[in-house]
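Colleague: sequence and predicted structure below; questions after.
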Protein chains: 2
Amino acid sequence: MTLDDRKLRILCAIIDDYVETAVPVGSRTITKRYDIGVSPATIRNEMSDLTELGYLDQPHVSAGRVPSGKAYRLYVDRLMDSRSSQDWRDDDADRYFGEKALQMEDAVKTAVQAISDLTRLTAVAVLPGQPDMRIETLQLVPMPGDSALLVIVTDSGIVRDTVIRVSSRLDMDALYAISRMLTEGLAGHTLREVQDMLDAYASRGGADQRVLSGVRDLAAQMARQASEDSVSVEGAHNILNYPEFSDLNKARAFLSMVETQDRLIRLMSTPGGPISVQIGPELGIQEMTDCSVVNASFTYGGCRGTLGVIGPMRMPYGHVISVLSTISRRMTNLFAEVR
Amino acid sequence: MTLDDRKLRILCAIIDDYVETAVPVGSRTITKRYDIGVSPATIRNEMSDLTELGYLDQPHVSAGRVPSGKAYRLYVDRLMDSRSSQDWRDDDADRYFGEKALQMEDAVKTAVQAISDLTRLTAVAVLPGQPDMRIETLQLVPMPGDSALLVIVTDSGIVRDTVIRVSSRLDMDALYAISRMLTEGLAGHTLREVQDMLDAYASRGGADQRVLSGVRDLAAQMARQASEDSVSVEGAHNILNYPEFSDLNKARAFLSMVETQDRLIRLMSTPGGPISVQIGPELGIQEMTDCSVVNASFTYGGCRGTLGVIGPMRMPYGHVISVLSTISRRMTNLFAEVR
DNA sequence: GTTAGCACTCAACGTTGATGAGTGCTAACA
DNA sequence: TGTTAGCACTCATCAACGTTGAGTGCTAAC
């Protein structure tokens, strides 16, 4: 028994219908809504074959058919209509990114927000840790009162700042002199090295101890943060709009999964390729057998990260893939513009 | 008929029990769990009186009693056990704030996170717009490539930055020279004034146009952001843990309310006083009749903001109030430390 | 190979009756 | 006069049961 053209058309119709309605689809529905050109009885015969081949599941004997993971896989690999990429316009992405150049964190936040809005699903971004970022610039900016803003910029364009207290004698010029000295001394070194170097400085005395310890603390914090993968999630509760999660316990399980960073990171670790689609059982995770994950990798400067979507297995793959590829491409370009 | 001591004790027991279990409480339950010293029949008589006085509601005739908004109001105003402030330790807040001085935005984010964690409810912060903030410092920090980070600090300690492109000839010293010039020219002026001044500069020519337009854009963006109230929300889906929201539609209504900024701002606009409690119907909002809002005001520098909690009317008011007052006090102190 | 017809299955829904938690009332008691 | 035991009554909850209708699989005819 082979998958001839008619079987494929029927399978496609079933998937389209089920993705739209979330109701198991029966033979009559197909003849009415899709133009296959045969009677329900014939469709039934074909559906029976498709079930035998593992492309369809039957919740119970007198219900319609539901696409299996295998069916979605086939759909994504071969059947998916590329028309679907036209169901939204690239310009929509402009609304989010606008004209402005952005720091990486802001760009990621914007992208995740855009993806969540455009797909009405849960959007996730993962930035893998970069344990050996190097310091590019270090600058102290005067603030009201006896404090200053310490800004550290790394070679990959990551920016962090913190407020530190300084002696009130230090005006803008004095702070710049310190910034210049520190930048000269520390630029090109990794965040970890910097911590040791500062300890050495400090023990030698002379410099403003509060500034040194402020720099040390921020460098330490950055090193800690940088060596961990960072995750951002948006639109988690979109899941409540999907009837397959109308069971509160399922919804809670999903939400708690999405909140647990390390589980999420494992889920989002892409098996390679610019766009990866993992469907239900392929994820190999007990609690997630009826969810799918689609993700796209992007690069922003030296950083390579992942943007993705988590949702029910019944998701509009074509649309999701086109949104993800557009947004991730735009992220990559965005960085090129900044350069 | 008057509220004698025994009636108050019974009412208190009912509230405590209902807050804990979410199940309408009957006369036997009270005699078993609370030491009132009379029989169920007597309790029933008292409950009947309390119902007549409007402190208790009855979902249906053969169910137990449920505290009314009026009861919670009485509880908060007079009955609440101040012991409840001891059910958590102030030190718990340390875990969140640590030792570090923070920018206001970070401090607010931390506070909201802490409140949400400690109360297991939805925490919200509102910072009212400050349309006439003045520029304190303006600084350009070198970044990798042909770009620079533009940092603007206002007199109230708000920091914003953005990446702008600059000519590659500009090194750290050159950027500092520009920063110094711009700071001297613009410090003390409001964000709006600055926009006009920069237009004047730009038309005179000479300075790096890209820098000027970058500053102008960021100032414009800050002015726009600053004149709007800003809101942050954490723990919105905590609501799913409360059985009164096990109806998916109610949960969705709540979540959509919490997501709509302007509705949220209206909800959180505190009627004054350091801590305000608005109970159910007192909110005067149709969809929120079985929710309560507790909020506390804080000041961080010149900014006066609101931290609050939104949850079911059945919430542990004592605990919530103590968490809010501790965290808001700590926020205020935090700023004093930075100064 | 396709289709009409028909028996069969089973979730969903509404009905019914039993159960039990809880009340309100009354009468007796301290 | 306040408190309590007893009892009839109410009503949500739950399980059991029959009905309905969507949908299938099989068979026989085209």
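Modeller: Yep, that arrived.
Colleague: can you check the pLDDT for A:Arg89?
Modeller: Note for A:Arg89: predicted pLDDT of 68.
Colleague: any idea what the residue nearest to A:Gly188 when sequence neighbours are not counted is bridged to?
Modeller: Spatial nearest neighbour of A:Gly188, excluding adjacent residues (CB to CB, 6 or more residues apart in numbering or on different chains): A:Arg134 at 5.6 Å. For the C-beta atoms, the positions are set from N, CA and C on the backbone; glycine is no exception. On the basis of DSSP bridges, A:Arg134 is bridged to A:Thr190.
Colleague: count the residues that sit near A:Arg134.
Modeller: 17 (other CB atoms under 10 Å in any protein chain shown).
Colleague: so it makes contact with A:His189?
Modeller: Yes - the criterion here is CB atoms under 8 Å, and A:Arg134 meets it with A:His189 at 6.2 Å.
Colleague: run a quick neighbour tally on the closest residue to DNA strand C within the stretch 101-250 of chain A.
Modeller: Going by CB to the nearest atom of the strand, DNA strand C is nearest to A:Pro243 of the stretch 101-250 of chain A, at 10.7 Å. Neighbours of A:Pro243 under the rule other CB under 10 Å: 13.
Colleague: and it, how far from A:Pro312?
Modeller: 9 Å (CB to CB, to the nearest Å).
Colleague: gap between the two ends of stretch A:15-30?
Modeller: Taking CA to CA, to the nearest Å, stretch A:15-30 runs 11 Å from one end to the other.
Colleague: likewise for stretch A:184-193?
Modeller: Using CA to CA, first and last residues of stretch A:184-193 are 14 Å apart.
Colleague: just stretch A:122-132 next, same as before
Modeller: 31 Å.
Colleague: so for it, mean pLDDT?
Modeller: Stretch A:122-132 comes out at a mean pLDDT of 88.
Colleague: for my notes, confirm A:Cys12 occurs in a helix.
Modeller: Yes - per DSSP: H, G, I helix; E, B strand; the rest coil, A:Cys12 lies within a helix segment.
Colleague: and it, what does it touch?
Modeller: A:75, A:79 (CB atoms under 8 Å, 6 or more residues apart in numbering or on different chains).
Colleague: tell me the pLDDT of it.
Modeller: In this model, A:Cys12 carries a pLDDT of 94.
Colleague: distance of it from A:Gly318?
Modeller: 11 Å.
Colleague: tell me the pLDDT at A:Glu184?
Modeller: 91.
Colleague: for the strand or helix carrying it, packing partners?
Modeller: Element membership of A:Glu184 [criterion: DSSP states H and E] is helix A:172-186. When contacts are defined as 3 or more CB pairs under 8 Å, 6 or more residues apart in numbering or on different chains; DSSP states H and E, helix A:172-186 sits against strand A:135-142, helix A:191-204, helix A:209-227, helix B:172-186.
Colleague: right, and these - which one's nearest DNA strand D?
Modeller: helix A:209-227 (48.1 Å).
Colleague: in its sheet, what does the next helix or strand after that closest one sit against?
Modeller: Using DSSP H and E, the helix or strand that follows helix A:209-227 in sequence is strand A:230-234. Sheet pairing here is set by DSSP bridges, and for strand A:230-234 it gives strand A:122-127 (antiparallel).
Colleague: and for the strand it pairs with, what's in contact with it?
Modeller: So strand A:122-127 is contacted by A:104, A:108, A:111-113, A:115-116, A:229-236, A:238-239, A:258, A:264-265, A:268-269, A:295, A:303, A:305-311 (CB under 8 Å, 6+ apart).
Colleague: circling back to that earlier point, and the helix holding A:Glu184, which residues are buried?
Modeller: A:172, A:175-176, A:178-180, A:182-183, A:186 (16 or more other CB atoms under 10 Å in any protein chain shown).
Colleague: for A:Arg65, what are its contacts?
Modeller: A:14, A:24-26, A:47, A:50-51, A:56-58.
Colleague: chain A - how does it break down into domains?
Modeller: A:5-79, A:84-128+A:229-338, A:135-227 (automatic domain parsing).
Colleague: including distance to B:Ala93, could these go into TSV?
Modeller: Listed next are these as TSV, based on distance: least, CB to CB, whole Å:
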stretch	distance to B:Ala93
domain A:5-79	45
domain A:84-128+A:229-338	22
domain A:135-227	19
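Colleague: can you show me the strands along chain A?
Modeller: Counting by DSSP state E, the segments of chain A that form strands are A:56-57, A:66-67, A:122-127, A:135-142, A:147-154, A:159-165, A:230-234, A:275-279, A:291-300, A:303-312.
Colleague: identify whichever of those strands lies nearest to B:Ala251.
Modeller: Closest approach to B:Ala251 among the strands of chain A is made by strand A:122-127 (16.3 Å; CB to CB).
Colleague: could you check how many residues crowd around A:Tyr96?
Modeller: Count around A:Tyr96 with other CB under 10 Å applied: 16.
Colleague: that one and DNA strand C, how far apart?
Modeller: 39 Å (CB to the nearest atom of the strand, to the nearest Å).
Colleague: if I pick that residue, what's in contact with it?
Modeller: A:110-111, A:113-114, A:117.
Colleague: now, of those residues, which are buried?
Modeller: Looks like the contacts of A:Tyr96 have A:110-111, A:114, A:117 buried, using 16+ other CB under 10 Å.
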